[in-house]
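Trainee: need a 3D model of the sequence below.
(one chain, ligands or ions: 1)
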Amino acid sequence: MASSQTITSRLAPTPSGYLHMGNLYNFALTWLHTRMGNGRLLLRIDDLDQTRVRDQYIDDIFHTLEWMGLEYEEGPSGTGDFKTQYSQTLRIDQYRETVHLIRNNAETFYCLCSRKELERLSPDRFYQGTCRYRKLTFDNGQTALRLVTDEQSMISISEENEEAQQQNIHQLMPFPVLVKKDNVPSYQVASLTDDLNMKVNLLVRGKDLWTSSLAQAYLARIIQLDPFEKVNFLHHDLISGNDHLKLSKSQHAPSYRKTHASKKYLFSMVARSMNIMEQPESLENLLEAVKNSR
Ligand SMILES: [Zn+2]
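Mentor: Numbering: from 1, shown residues only. As a prediction, this is how the structure comes out:
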């Protein structure tokens, strides 16, 4: 990344469950890489999927950041502030505009397939484009809008400290959903729109979201917004639980509070991922240890 460019990164938790160690690990790593570059850190809370959002989960995010001693430059100061000023539901028109731009530049189609149908056709939920030629029209609550991705074009993902990786999106996500059946734009659309509008240029996320990064870079290219090509990515390893499963809310990872993990444990885990054997007690100590190791 050019040194003249200020780093802007973001924390973007989804308030659909209590945070687990994997989330905290991501927060600490994001904070660290932003501070190492003297960048700007935003807090964004991805609440567009309102069916799973609960106030106590939003509260948990603020309590956790306070417990970690993690400060950010922009974003909501608490749950009330978030709901009235920062909720993604307030930006739904921006997301619809992105969908509109994509539709002007690429082939899309409505898909009627139910979740059950998708699982029956393809147990790994790799959608084969069944509805592509059915010429279905919008039916509120029944149809999702999907994009036909290009089978040829390669997308490049710039990884921090590594060579850029090229991949074709069609092989991994041939027909991504742009608008869900409830007529709300998808995660990919909302996340890309926010990252572009908020001028985010460093994205720190788990390796499980690599395909999402690819999809978002692809969408950005369709709407000819090249700033996204300048985004630097850092896809980190996922933290293993006792059962060696990656920690995600869908797998019911326990809240970090239930595991009684200490801050020292958390920050040491981040340090170890960077081959630093110190056991920092705070984020500031962690930053110091990283700086001293270079
Ligand atoms: Zn379908």
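
Trainee: residues from the chain in reach of the ion?
Mentor: Taking Cβ under 5 Å from the ion as the measure of proximity, the chain contacts the ion at Cys111, Cys113, Thr130, Cys131. C-beta: built from backbone N, CA, C; applies to glycine.

Trainee: how about the strands in the chain?
Mentor: 8-11, 40-43, 108-111, 144-147, 155-159, 165-167, 177-179, 202-206, 232-236 (DSSP state E).

Trainee: let's have those in JSON lines, adding mean neighbour count.
Mentor: Shown next, in JSON lines, are those (neighbours: other Cβ atoms under 10 Å):
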{"stretch": "strand 8-11", "mean neighbour count": "22"}
{"stretch": "strand 40-43", "mean neighbour count": "21"}
{"stretch": "strand 108-111", "mean neighbour count": "20"}
{"stretch": "strand 144-147", "mean neighbour count": "23"}
{"stretch": "strand 155-159", "mean neighbour count": "17"}
{"stretch": "strand 165-167", "mean neighbour count": "14"}
{"stretch": "strand 177-179", "mean neighbour count": "21"}
{"stretch": "strand 202-206", "mean neighbour count": "21"}
{"stretch": "strand 232-236", "mean neighbour count": "19"}
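
Trainee: between the residues of the chain next to the ion, which sits nearest Arg91?
Mentor: Cys111 (24.8 Å; Cβ to Cβ).

Trainee: tell me the contacts of the closest one?
Mentor: Cys111 sits next to Tyr127, Thr130, Cys131, Leu136, Thr143, Ala144, Leu145, Arg146, Phe175, Val177 when contact means Cβ atoms under 8 Å, 6 or more residues apart in numbering.

Trainee: make it 10 Å
Mentor: Shown in contact with Cys111 (Cβ atoms under 10 Å, 6 or more residues apart in numbering): 117-118, 127, 129-132, 134, 136, 142-146, 175, 177, 181.

Trainee: quick one, what contacts Tyr133?
Mentor: Tyr133 neighbours (Cβ under 10 Å, 6+ apart): Phe109.

Trainee: now list the buried members of the contacts of Cys111.
Mentor: Taking 16 or more other Cβ atoms under 10 Å as the criterion, what is buried in the contacts of Cys111 is Leu118, Tyr127, Cys131, Arg132, Thr143, Ala144, Leu145, Arg146, Phe175, Val177, Lys181.

Trainee: least confident of these?
Mentor: Least confident of the buried ones among the contacts of Cys111 in the model: Leu118, at 82.

Trainee: and the lowest-mean-pLDDT helix or strand in the chain, what's buried?
Mentor: Ranking every helix and strand in the chain by mean pLDDT, DSSP states H and E puts helix 115-121 at the bottom, with a mean of 81. Residues of helix 115-121 classed as buried: Leu118 (neighbour count, 16+ other Cβ under 10 Å).
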